[in-house]
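# Need coordinates for the below:
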Amino acid sequence: MKKVCTILAIAAVSSLMAADGAAIYQSKCFSCHGDKASKAALNKSQIIAGWDAAKITAAVTGYKDGSYGAAMKGVMKPIASGLSDEDLKAVAATIASYK
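Numbers count the residues shown, from 1 in each chain. Coordinates of the predicted model:
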């Protein structure tokens, strides 16, 4: 019983500490990509609304390591580098939900 309670407690704490994709989007992405990722950032990027989570993750990972991006590479690298893997997964799921 103690083992079950410990596992449930860990799961509860983990879910409370899970990254909030909507909050991350609002604080890091919204100002350039707009409401529900519906605009081209600084009129130079692609509109990312409708991208699937894998494409978003690949793009942001590429910004982090310098292998992706054109005009927005310099703007995106510091933003992307500030995201943990968990944050990236959460924000990618949020953006993918914007159709």
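# need the helices for this protein, in chain order.
Per DSSP state H, the chain carries helices over the ranges 2-17, 21-24, 30-33, 53-65, 73-81, 85-96.
# Can I get the ones you listed in CSV including mean neighbour count and distance to K39?
For the C-beta atoms, the positions are set from N, CA and C on the backbone; glycine is no exception. Below are those laid out as CSV (neighbours: other CB atoms under 10 Å; distance: least, CB to CB, whole Å):
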stretch, mean neighbour count, distance to K39
helix 2-17, 9, 32
helix 21-24, 18, 18
helix 30-33, 16, 6
helix 53-65, 17, 16
helix 73-81, 15, 15
helix 85-96, 20, 13
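# Dump these to TSV, plus mean pLDDT and distance to A41.
Shown next, in TSV, are these (pLDDT from 0 to 100; distance: least, CB to CB, whole Å):
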stretch	mean pLDDT	distance to A41
helix 2-17	48	29
helix 21-24	97	16
helix 30-33	96	4
helix 53-65	97	12
helix 73-81	95	8
helix 85-96	98	12
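# Which one of those helices lies nearest to I47?
I47 sits nearest to helix 30-33 of all the helices of the chain, at 8.1 Å, using CB to CB.
# Let me have the helices of the chain in a markdown table, extended by distance to S45.
Shown next, in a markdown table, are those (distance: least, CB to CB, whole Å):
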| stretch | distance to S45 |
| --- | --- |
| helix 2-17 | 31 |
| helix 21-24 | 18 |
| helix 30-33 | 8 |
| helix 53-65 | 10 |
| helix 73-81 | 8 |
| helix 85-96 | 13 |
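# Tell me which of these lies nearest to K44.
Proximity to K44 (CB to CB) singles out helix 73-81 among these, at 8.6 Å.
# chain center to the closest one, what's the gap?
In terms of CA atoms, centre = their mean, to the nearest Å, the centre of helix 73-81 is set 13 Å apart from its chain centre.
# List the residues that contact S81.
By CB atoms under 8 Å, 6 or more residues apart in numbering, the contact list for S81 reads Y63, K64.
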